[in-house]
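>>> From the sequence below, what's the structure:
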Amino acid sequence: MTAKDNNLPIVSKMFCSSSEVVLEVRRRPHVVYGGGFVVTDSSQKVVFRVDGCGVTGKKGDLILRDGNGDALILIRPKGGIVEALNVNRQWMGYSFNYEGSQKLVFSLKEPNSFLVKNNPIRISIEHRGHSKDSDFEIKGYFPDKACSIVDSTGYIIAQVTVKQEVEELMTNKDIYQVTVKPGIDQAFVFGVVAVLDYIYDGSTRC
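Alright, predicted model coming up:
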């Protein structure tokens, strides 16, 4: 992936920052708006939120919203009986345009086995302007809150870590942080994080 590709927005350029951004993720209890999580910046302003736990009426559906509550990405498992029997289930992320119609922006394939921590999780971009080499991979293990999203060259575009002060006090994985590199679409990053949360039985899942 080239530096030029890195700076191409996947969801929208309004979610690409010229500098590195560190955002905090807090899980919501299932009793509050159907679970999910909230993403805040250093001033505790809500940047994104993810609604899950069947909030759309369909099990497995997730919605990434901006700080105003507007829907950005609808995420759902690829349907069909054949897909249900497939070990490598795929997740599809659709963006909404101003008319409300949906467009596929990324797909994520679940790992072969959840028992192997370093099993790769692959993400493909379905977006005009991005090269065929602009696919991504998850390195590390999300349940430990120690993983990265890397591009095809191995460049880390985003990193999930436990907050240092939280780690010192307790092993609480309900609060963690995501560092997003300059020029990277933050909405895309948290769309991926939402899928990982669901796959590993997080707050988005009932």
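
>>> okay, now residue 204: neighbour count?
31 (other CB atoms under 10 Å). Glycine gets a C-beta too; all of them are placed from N, C-alpha and C.

>>> That one touches residue 38, doesn't it?
No - look at residue 204 against residue 38 with CB atoms under 8 Å: they stay out of range, at 11.9 Å.

>>> Now the common contact residues for the two.
Listed as contacting both residue 204 and residue 38 by CB atoms under 8 Å, 6 or more residues apart in numbering are residue 50.

>>> which regions of this structure sit below the pLDDT cut-off?
Applying pLDDT under 70 to the chain flags the ranges 1-8, 29-34, 54-58, 80-88, 97-101, 112-118, 127-134, 164-173, 206.

>>> Tell me where it has strands.
Using DSSP state E, the strands of the chain run over 21-27, 37-40, 46-51, 62-66, 71-77, 90-96, 102-109, 121-125, 136-141, 146-151, 156-162, 175-180.

>>> Show me what the fifth one is packed up against.
If I follow you right, that is strand 71-77. strand 62-66, strand 90-96, helix 186-199 (3 or more CB pairs under 8 Å, 6 or more residues apart in numbering; DSSP states H and E).

>>> Report the distance from that strand to the chain centre.
10 Å (CA atoms, centre = their mean, to the nearest Å).

>>> Residues in contact with that strand: which ones?
11-12, 48, 56, 58, 60-66, 83, 89-96, 102, 105, 187, 191, 194-195.

>>> Note down every partner strand of it and its orientation.
Taking DSSP bridges as the criterion, strand 71-77 forms sheet pairs with strand 62-66 (antiparallel), strand 90-96 (antiparallel).

>>> what about these, which gets the closest to residue 43?
When the strands paired with strand 71-77 are compared by CB to CB, strand 62-66 sits nearest residue 43, at 16.1 Å.
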